[in-house]
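Colleague: Got a predicted structure plus its sequence, pasted below:
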Amino acid sequence: ILLDKDGKRKHTRPTFSGQQIFALEKTFEQTKYLAGPERARLAYSLGMTESQVKVWFQNRRTKWRKKHAAEMATAKKKQDSETERLKGASENEEEDDDYNKPLDPNSDDEKITQLLKKHKPGGGGLLLHPQEGEASV
């Protein structure tokens, strides 16, 4: 028995054997909550007190919730980034619709130049006003 500086009994943390932890974890996989009789049976079979089993399950549920919440947050971030990526792709498709439309012969050269620059860096090397003897691409 350990005593603190005032001579009172000091609480010590119980250490569980590997077999006890394994059995507790296996039971936790099957059910996250134990009813009184189940807890009493498990405690008896593992040589633990019901209180120890109860507290172990409380602590294990807390650990499980934190892990589950972190996994959900990660999945949400991944989903959000995929949604943004798809949203960006659909916006590009809308811009491509303008690019794929036939050019209006009456539109001014500035609109054509802007459209070409938007889709091909450097204007794509297209000649808008072919000079005599040159063919446009």
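Modeller: Cool, the structure landed.
Colleague: Show the low-confidence segments of this protein, by residue range.
Modeller: Applying pLDDT under 70 to the chain picks out residues 1, 89-108, 111-112, 115, 119-137.
Colleague: residue ranges of the helices in it, please?
Modeller: Here the chain has its helices, by DSSP state H, at 18-30, 36-46, 50-100, 109-119.
Colleague: Who are the packing partners of the first one?
Modeller: The one in question is helix 18-30. Helices and strands touching helix 18-30, by 3 or more C-beta pairs under 8 Å, 6 or more residues apart in numbering; DSSP states H and E, are helix 36-46, helix 50-100. From N, CA and C alone the C-beta is placed, and that goes for glycine too.
Colleague: what's the angle from the last one to helix 36-46?
Modeller: The directions of helix 50-100 and helix 36-46 differ by 110 degrees, with axes from the mean of the first three to the mean of the last three C-alpha atoms, to 10 degrees as the criterion.
Colleague: which helices and strands does helix 50-100 pack with?
Modeller: helix 18-30, helix 36-46, helix 109-119.
Colleague: Could you take the ones you listed and lay them out as TSV, with extra columns for mean neighbour count and distance to K77?
Modeller: As requested, the helices and strands packed on helix 50-100 are exported to TSV (neighbours: other C-beta atoms under 10 Å; distance: least, C-beta to C-beta, whole Å):
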stretch	mean neighbour count	distance to K77
helix 18-30	13	27
helix 36-46	14	38
helix 109-119	13	31
